[in-house]
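# Could you look at this predicted model? Sequence included:
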Amino acid sequence: MTAVFTHGLTKSFGENKALDGLDLRIDAGQVVGLLGHNGAGKTTAVRILATLLTADAGTATVNGIDVIAQPAQVREQIALAGQQATLDARLTGRENLILLGRLQRLSKRDATARADALLTRFNLGDAGDRLTGTYSGGMRRRLDLAASIVVHRPVVFLDEPTTGLDPISRAGMWESIRELVDEGAALLLTTQYLEEADRLADRITVLSGGRVVAEGTPRDLKDRVGARRVEATVDDVGTALVALRESGLTPEADERERRVSVPAPDGSIDLENALGILGDAGVIVEEAALRRPTLDDAFVALAGIHPEQPREPDLEPVA
């Protein structure tokens with residue numbers, strides 16, 4: 001079942017075109033990662049789908065409901081955790097969750113039970129009766145995600161949910177996000193951490209300048225930028241390059257890191273061959289391994305780096 005669908009979605013802020021014909025599809029029980037440099041259009045897409053912005057052109061539906069024509073009905077289908085936590089620092093964690101449950105028409109009993117369950121699920125049980133203003137950044141982020149799912153929604157939008165978290169807190173958030181998908185939710189994830197997209201996303205859409213420049217599974221995108229390579233850290237890059245070239249190979253080098261690499265279509269056979277060539281040339285190999293392209297490699301190759309690209313404008317929260 002198609003949970004989120006957009007076609008030709010366009011949005012401009014003055015002369016800056018934040019989205020330029022975005023086509024996107026997410027099925028139930030699927031995670032789609034939306035990647036791109038700052039200003040690529042990721043947050044604008046999330047805000048349109050969450051009914052916080054109106055597109056200039058194009059169509060967008062959530063579970064078949066038109067985002068522009070029926071925004072109130074769309075809000076009944078979605079949960080949103082934005083880049084900024086939306087918690088009341090003067091309330092305890094438990095009080096925040098109960099309040100949000102009551103605002104979404106849960107009975108007091110059900111809201112309390114749901115708050116207790118979420119505090120346990122997000123490892124906040126011991127802090128549930130502390131004021132949220134005393135929470136660490138990681139704790140606030142976990143509570144913010146819990147707050148977004150006080151009432152179960154079939155579609156979840158997460159806009160950079162783990163930014164600023166330490167590795168342990170990030171891993172815990174990944175586990176919680178995966179649980180949402182295992183329960184059948186469709187999830188759109190924007191993130192600055194490519195490892196996060198690699199770990200969580202079933203499919204990835206790469207944006208640049210508001211346009212889709214690549215999409216596919218994480219493995220598809222990695223395969224598009226190259227095959228396996230032998231990488232070796234050596235004591236003498238110059239001698240290593242000469243030896244590898246004279247053997248008919250096409251090496252690349254990073255002199256600062258004292259690293260050389262060659263294509264390795266045959267895997268371990270190519271690794272053994274390269275080590276033999278370097279050894280015969282008297283090059284000392286300090287470290288060597290077979291390496292596949294990472295999602296970082298794919299992102300740089302497919303999206304490019306555009307430091308001059310303007311950021312999407314910051315918008316005031318919509319009440």
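Thanks, I have the structure now.
# most centrally placed residue in the protein?
Thr191 (3.2 Å; Cα atoms, centre = their mean).
# Who are the contact partners of it?
Thr191 sits next to 33, 35, 160-163, 197 when contact means Cβ atoms under 8 Å, 6 or more residues apart in numbering. Yep, even glycine has a C-beta here, placed from its N, CA and C like the rest.
# immediately after the longest helix belonging to the chain, which helix or strand?
Selection of the longest helix in the chain by residue count, based on DSSP state H, yields helix 167-182. Counting by DSSP states H and E, the element after helix 167-182 in chain order, helix or strand, is strand 186-190.
# buried stuff in that next one?
For strand 186-190, the neighbour count (16 or more other Cβ atoms under 10 Å) marks 186-190 as buried.
# do the same with stretch 198-205
198-201, 203-205.
# do the same with stretch 296-304
Buried residues in stretch 296-304 (16+ other Cβ under 10 Å): 297-299, 301-303.
# isn't Leu99 right up against Gly93?
No: at 11.0 Å, Leu99 does not count as touching Gly93 under the criterion of Cβ atoms under 8 Å.
# Between the two, tell me which one has more neighbours.
The neighbour count for Leu99 versus Gly93, taken as other Cβ atoms under 10 Å, is higher for Gly93 (28 against 17).
# The more buried one contacts Arg140, correct?
No: if you go by Cβ under 8 Å, Gly93 and Arg140 don't touch, sitting 9.0 Å apart.
# what is in contact with those two at once?
Common neighbours of Gly93 and Arg140 (criterion: Cβ under 8 Å, 6+ apart): Thr132.
# got any ranges where the stretch 51-200 of the chain has weak pLDDT?
Along the stretch 51-200 of the chain, the parts satisfying pLDDT under 70 run over 84-85.
# same thing but at 50, please
For the stretch 51-200 of the chain, no stretch is flagged by pLDDT under 50.
# what about the strands in it?
According to DSSP state E, counting those that start in this stretch, the stretch 51-200 of the chain carries its strands in the segments 57-62, 65-66, 78-81, 155-159, 186-190.
# out of these, deepest packed?
Compared across the strands of the stretch 51-200 of the chain, strand 186-190 shows the largest average neighbour count, a mean of 26 (mean count of other Cβ atoms under 10 Å).
# Adjacent strands (with direction) for it?
Here strand 186-190 has these sheet partners by DSSP bridges: strand 31-35 (parallel), strand 155-159 (parallel).
# contacting residues for Leu118?
97, 124, 146, 149-150.
# To which secondary structure element is Asp270 assigned?
helix 268-280.
# Any buried residues in that helix, and which?
Result for helix 268-280 [16+ other Cβ under 10 Å]: buried residues 270-271, 273-274, 277-278.
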